[in-house]
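Colleague: Here you go, sequence then predicted model.
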Amino acid sequence: MLTLASIVAMSTGVASASADSSFDFVSQAGAQPVGELSGHRTGVKVWEFDGDLLLDGRGSGGDVRVLLPGAQAETGVQHRQVVVVFGGIGCQDPQGRVEVTHLVRDSDGRITEFDGSVEHHCERSQDKTFTAEIHYVLEDS
């Protein structure tokens, strides 16, 4: 099981995204851990590590990570555990909604293209919603 510190620290050895990549999110007032914040991030990484799927949005205003423990990327809609990390603080939704509409892998199984969305309701603020749209194209794909 990953600790929050390891979730926040993981990111070495992951290739860069192209300029076509984006991570856009909206969080209602009181939605934890992001609070009332919306943003657009262009530093995007979509990758799998140790059996988990990670969706990262990096940029000014703070980095956002969406972690799907035990998930391999596949197209379709899933209702599953979703962890959102912002500012080093994480919160889980045991029944978050994840939709992957486009997925391409290279011959090594690495994700090279990804389009998807996430809906998250933190256990501590279930009536508040965090949503994200992620578009990722690996720089050299």
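Modeller: The structure has been received and is ready for your questions. The shown structure was predicted, so the numbers you read here are calculated from the model rather than taken from an experiment. Residues are numbered from 1 along each chain as shown.
Colleague: Contact partners for the residue sitting furthest away from the middle of the chain?
Modeller: Here the chain reaches farthest from its C-alpha mean at residue 107, the gap being 23.2 Å by Cα atoms, centre = their mean. Listed by Cβ atoms under 8 Å, 6 or more residues apart in numbering, the contact set of residue 107 is empty. Any C-beta I mention is one placed from the backbone N, CA and C, and that applies to glycine too.
Colleague: could you pull out the strands for this protein?
Modeller: Along the chain, counting by DSSP state E, strands occupy 22-27, 37-41, 43-49, 52-58, 64-68, 76-86, 89-105, 111-120, 130-137.
Colleague: Just list what the second one packs against, helices and strands only.
Modeller: Contacts defined by 3 or more Cβ pairs under 8 Å, 6 or more residues apart in numbering; DSSP states H and E place strand 37-41 against strand 22-27, strand 52-58.
Colleague: could you give the angle of the last one to strand 130-137?
Modeller: What that stands for is strand 52-58. 90 degrees (axes from the mean of the first three to the mean of the last three Cα atoms, to 10 degrees).
Colleague: returning to what we had before: and the gap between the residue farthest from the centre of the chain and residue 70?
Modeller: Applying Cβ to Cβ, to the nearest Å, the value for residue 107 to residue 70 is 25 Å.
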